[in-house]
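Prediction below, plus the sequence it came from.
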Amino acid sequence: MDLLQGTLDLLILKAVSLGPLHGYGILLRIQQISKSRLEIQQGSLYPALYRLEHQGLIASEWGESENKRKAKYYRLTAAGRRQLHAEEEQWNRMAEIIAGILKTRPEEV
Amino acid sequence: MRVAIHLRSWLRTLLRRSCLERDMDAELRFHIESYAEDLARSGVAREEALRRAQVEFGGLDQTKEECRDARGITVVHSLLQDTRYGLRMLGKSPGLTTIVVITLGLGIGANSSIFSVLNEWLLRPLSVPHPEQIMALANESGGGRFSDLDLLDLRDQAGVFSDVFGYDIGYAGLSADGKAGQFTYSTVTGNYFSALEVKPLLGRLFVPGEGDQPGEAVNLVLGYSFWQKRFAGDPAVIGKHIAVNGRLATIIGIVPPEFHGLLFAFDMDGYLPLTMMSEGEDGNRLWTDRGDRSLMSFARLRPGINLAQAKSAVDVIAKRLAAQYPTTDKGLPPVRVIPERRARPAPEVSSFVPVIAGLFLVLPALVLLLACMNVANILLARAAARQQEMAIRAAIGAGSWRLIRQMLTESLLQALIGGIAGTVLGELAIAAAGSLLRPVTTGSAGYGFHMDCSFDWKVFAYTMAAAVFTGVFVGLWPALRAGRADLNRVLHEGGRSDPAGRLRLRSSLVVAQVAGSLMLLVVAGLLIRSLRHAEHMFLGFDPDHVVTVALDPREVGYDQVRTKNFYRELERRLRALPSVESASLARSVPMSYSGQDGPVYVEGHVPGPNEQAPQISYNGVDPGYFPTMRVPLLRGRIFTDSDNDKAPPVAIVNQTMARRLWPNEDAVGKRFSLKSTSGPFIQVVGVAADGQYWFVTSDPQPYFYVPLDQDYASLASVQVRTSGAPEPMIPVMQREILRLAPDMPIIQAATMEQTVHGMAGLFVFELAASLAGVLGILGLVLAVVGTYGVVSFGAARRTHEIGVRMALGAARGDILKLISRQGLVLVGSGVLVGLLAALALTRAMSKLLMGVSPSDPVTYLGVIILLGTVSLLACWIPARRATHVDPMVALRYE
């Protein structure tokens, strides 16, 4: 299933909120949580990461990966955490509203 | 907070770009390699795994570009790139760049130089704390000045002011260390420095009340540049005793370098207290005579008080004074309160200021507009040539905004270089103008001249604003076109033909240029015609072969008797000189910045309840004045030696005064008074021709003369009419004066011709005419170049068509008509538009015109003929060239 427009940022924030990850790790984490039901264009991940870092929602530093290589790790900042909460809430509200609309039957109108 | 984060991110991006690029590479490589490893682990062959990882990742370069974008690199980065690219493009066509830069430089230079003069004149505040609080007070009579008694009453009664102070200008001989020299000073009220809040550079300044009484010891404060010049900046001068006009004075302090006194464009050598004016037997008048209006007066507004409040408060006080002291102060109200900046150079001419300032902001702006249109025209033509480049750049992925930005960057670069060139040109122009101005303002008395038209942030901001406006203005159309570059069309048409729309735009630019240049030329023409009229107008006297020298024996302590004897003896000696035809003595000469006036009460005329006696200027002259100055007498007689202080008072009025006061009657024999409706009366014995008196003005002013013996003043001017050249007479007269009185300071010595062309005379008209003339010529050249460019561009575009026409048998004359018709229509419409605009513009400047109507047909006709002829030539030349097209060549060229 293709990613809904604008949700990649939210997924990234969620992924790194569970612990620092490098770019490839974030991709794997999202696939793992979504049980590979979401299709993410690999190249589009990095512009999103850079944008979030530019906005101060995530921060990065170089570290060592599990295969003993130098990798850039991203973690959530305080501002990022606040943003994640706000977006989660918004997302849930939106989902609720949309679901409500879709459940509507003809006699209820 | 957000902004700070962004800024930090940008800064890091800018400062550590290569580092970040490396990081980005490493990060992306790590991703692809990790993925490939995972694939390999799941059984894919190593080579194949890497390939698939790369493919699935997508375009690496595109991702990188998006990453840079995401970090906000591109804004700054592409600006740098645009600038570099722009500079390279400019360097590639140096000829074009030079033309553009020079054109814009001239336009911007004209603006920045004129603006820096206006800046110094009207905008630059005094170098004192809170300069906006300083107000000039101007009385309607007495040249705007106040008497000390009135000033004291204003100070006591006007709660709207924190202080009221005044000064006068004096000239003296100053001797120190056995050397004598000239010295220009302000005599100031004791509170002058404290009210202005000027702090001493060295020593101390006057304190309130100091030297405000007659007979006090004289202390002297020196101006900075005089201190540097005369005493080589020696700090030990504090406490030194020197002689000012033979009177002992003690130097107590130095003012800071940025303070020059309150007289616009002058730098005071020093400051003396009022007690300095109490010389001679006449000296006490300053403290006792409310009618002795000798102080130019200023006030500092209390914080929180606005101009309107101050005006109404001063109005009340002036009316009260007029009621309390009707003999002297009846003519006092209305007193005007003018912010100091708008009272330059003097409150009484401040009504001229907005007209001149407005005119000289509009004219150079018009020149800049013309320059812009020219450059826009050139750039439009160039944009056509660069269509292919733009289309290809668009095809390989440049967004239209990116292309617009690129073009704008180029034109802004050109405009900024033009701005720098303009600044240099402007500074050169100012320097040239300064050296022209200096002799006019300083005369031969050598006053310190100070006009600092140097660059400050206002001039800088103005120039930069002009440059940026210019850059956007000239670049916008080509840029918008570049943004719409259409690859298909360009490649299809081979970039050869030019859309008709562009020619239409360029044509309307030409119409605007012709119109603008017509306006400039009309203004220049009117000012020049007005100057010529003013030069040839009858001034009321004959300035040829006349020399005048102004003296004030009171400065060296002469009393009335001694002064009169001195002048009588001087006149006798001068008349004895071989080349002297006649000599005379008067209180002042026309256009010399001095004179006096008074309320005139006509005998037998009962004034209405709200009627004010008219304030009329007059001069005290001796019998020799009329023949020496050649003032024509129309009726009655001139003064004789028997019209002295023992004889009944008499006067000679001019035509305008005679007509206004005694309409349809013979003025000779009538009487009027300067004191009250009940006398004492002065009898009119003659009527003299009208002339120019204080300033050159277009409408005739009433004026009268009284015998000098009946109107004593120590400050006087000696006139000499010579048979030979007047200039060599100046040193001769100076020698005669010094032989009679060795320490007599000479206030001013000039030929009457110089005075007539001086600051109060024709100088303003000359300056305006020559400035407008230069701007007019600039405008004409720009318009001609613009017209020429468009017509020859149009002709070149139609080479093919012309070839076909000629091949089909069209005669040269037909082609000439075809091509020049286009130009003719443009020039014609431009002239029409310009005429309407000029008629509107010149109505506003009627104040500056002497004897010329703002819609003077000669000027308009002359300008139309000049502009028409020159621009027709600009059409004809390219049209003629078009007729020389060889049809075979033109057709084969396709």
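Structure's in. What do you need? Numbering: from 1, shown residues only, chains lettered A, B, ... in the order given.

wait, is B:Leu137 part of a strand?
Yes - assessed with DSSP: H, G, I helix; E, B strand; the rest coil, B:Leu137 lies in a strand.

Spatially, which residue comes closest to it, not counting chain neighbours?
Closest residue to B:Leu137 apart from its sequence neighbours, by CB to CB, 6 or more residues apart in numbering or on different chains: B:Ser297 at 4.4 Å. From N, CA and C alone the C-beta is placed, and that goes for glycine too.

cool, and B:Gly203?
Nearest residue to B:Gly203, sequence neighbours excluded (CB to CB, 6+ apart): B:Gly253, at 3.2 Å.

coming back round to it: now for the residue nearest to B:Leu137: which residues touch it?
Applying CB atoms under 8 Å, 6 or more residues apart in numbering or on different chains to B:Ser297 gives the contacts B:136-137, B:145-146, B:151, B:154, B:164-166.

Out of the residues you listed, which is nearest to B:Arg660?
Relative to B:Arg660, the closest of the contacts of B:Ser297 is B:Arg145; by CB to CB it sits at 25.0 Å.

Name the residue of chain B that lies nearest to chain A.
The nearest approach of chain B to chain A comes at B:Gly58, 3.3 Å away (CB to the nearest CB).

wait, isn't that residue in contact with A:Ile40?
No - with contact defined as CB atoms under 8 Å, B:Gly58 and A:Ile40 do not form a contacting pair (11.1 Å).

more crowded one of these two?
Using other CB atoms under 10 Å in any protein chain shown as the criterion, B:Gly58 and A:Ile40 rank with A:Ile40 on top: 18 against 12.

helix, strand or coil for B:Phe183?
Here B:Phe183 is recorded as strand under three-state DSSP.

If we ignore the residues flanking it in sequence, what's nearest it?
Using CB to CB, 6+ apart, the nearest residue to B:Phe183 is B:Leu174, at 3.7 Å.

From the contact counts, what lies against the helix or strand the one you found falls within?
Counting by DSSP states H and E, the element that carries B:Leu174 is strand B:161-176. If contacts are counted by 3 or more CB pairs under 8 Å, 6 or more residues apart in numbering or on different chains; DSSP states H and E, strand B:161-176 sits against helix B:148-157, strand B:179-188, helix B:192-196, helix B:224-231, strand B:241-244, strand B:296-301.

Pipe these into a markdown table and attach mean pLDDT per row.
What follows is those, written out as a markdown table (pLDDT from 0 to 100):
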| stretch | mean pLDDT |
| --- | --- |
| helix B:148-157 | 90 |
| strand B:179-188 | 79 |
| helix B:192-196 | 94 |
| helix B:224-231 | 90 |
| strand B:241-244 | 86 |
| strand B:296-301 | 92 |
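
Can you lay out these as a markdown table showing distance to A:Pro47?
What follows is those, written out as a markdown table (distance: least, CB to CB, whole Å):
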| stretch | distance to A:Pro47 |
| --- | --- |
| helix B:148-157 | 74 |
| strand B:179-188 | 72 |
| helix B:192-196 | 64 |
| helix B:224-231 | 64 |
| strand B:241-244 | 81 |
| strand B:296-301 | 61 |
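
Out of the ones you listed, which is closest to A:Arg69?
Ranking the helices and strands packed on strand B:161-176 by distance to A:Arg69, with CB to CB as the measure, places helix B:224-231 first at 73.1 Å.

so the closest one versus strand B:161-176, what angle?
20 degrees (axes from the mean of the first three to the mean of the last three CA atoms, to 10 degrees).

got the buried residues for helix B:224-231?
B:224-227, B:230-231 (16 or more other CB atoms under 10 Å in any protein chain shown).
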